[in-house]
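# got a sequence here, can you model it:
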Amino acid sequence: MVTILQKDAPVLREKAKSVPESMFGTKKLSQIIADMKTAIASQDDAVAIAAPQIGIPYRIFVVAGRAIDMTMDEPEDATESTPKSDDQIFINPEIVKLSRDREEMEEGCLSVRYLYGRVSRATKARVRAQDEEGVWFEAGGSGLVAQIFQHEIDHLDGVLFIDKATDLHDAPPEE
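Numbers count the residues shown, from 1 in each chain. Next up is the predicted model:
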């Protein structure tokens, strides 16, 4: 069982370290990513997770395939057996572009259960990152994807959404 750390954990307030080149292609990196995917899968509402949230002080985040699916239009011929998107891995990510347009977005966090608030975020974001093999790529998105990129990179810089949020309110799940 992978534990998702809560807001008082010191690692969540530290700037995460870059993943060194020597770590790419290793069992250690594969295990970290597997643990992150397990943590996401364990939470029905998870859209992404950063490595510090499971106690790993490296610059890695994973976007859940379900978050990607939520942002795409369903094909008209989609069925229950239509393949779902894979989780996407971002190692040593950096934001390369943010739109000037900003929007107040409702936000929560697996490490700040069950607190929600409004955060001003760029409506579009583009990141540059490495994959599991160390190959650099760029990815961009708007809406939820842009919000996720900004939220997760904040995590890697030791910033929690509650540091920026307004209108914080508790919303525990209904029994």
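
# what residues does the nearest residue to Arg100 once chain neighbours are set aside make contact with?
Nearest in space to Arg100, with sequence neighbours left out and distances taken as Cβ to Cβ, 6 or more residues apart in numbering, is Ala122 at 7.6 Å. Where C-beta positions appear, they are placed from N, C-alpha and C, glycine not excepted. Applying Cβ atoms under 8 Å, 6 or more residues apart in numbering, one finds that Ala122 lies in contact with 98-102, 146, 150.

# can you give me the buried ones in whichever strand or helix holds Arg128?
Using DSSP states H and E, Arg128 sits in strand 124-130. Residues of strand 124-130 classed as buried: 124-127, 129-130 (neighbour count, 16 or more other Cβ atoms under 10 Å).

# and that strand, which strands flank it?
Strand pairing for strand 124-130, determined by DSSP bridges: strand 88-98 (antiparallel), strand 136-142 (antiparallel).

# which strands and helices sit next to the lowest-mean-pLDDT helix or strand in the chain?
One helix or strand of the chain scores below all others by mean pLDDT, DSSP states H and E: helix 65-71, with a mean of 77. Here helix 65-71 touches helix 144-156, going by 3 or more Cβ pairs under 8 Å, 6 or more residues apart in numbering; DSSP states H and E.

# and the buried ones among the contacts of Ala122, selectable in ChimeraX?
Selection command for ChimeraX covering only the buried members of the contacts of Ala122, criterion 16+ other Cβ under 10 Å:
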select :98,146,150
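
# got a markdown table for the contacts of Ala122, with pLDDT too?
A markdown table is the format used below for the contacts of Ala122 (pLDDT from 0 to 100):
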| residue | pLDDT |
| --- | --- |
| Leu98 | 97 |
| Ser99 | 97 |
| Arg100 | 96 |
| Asp101 | 96 |
| Arg102 | 96 |
| Ala146 | 95 |
| Gln150 | 98 |
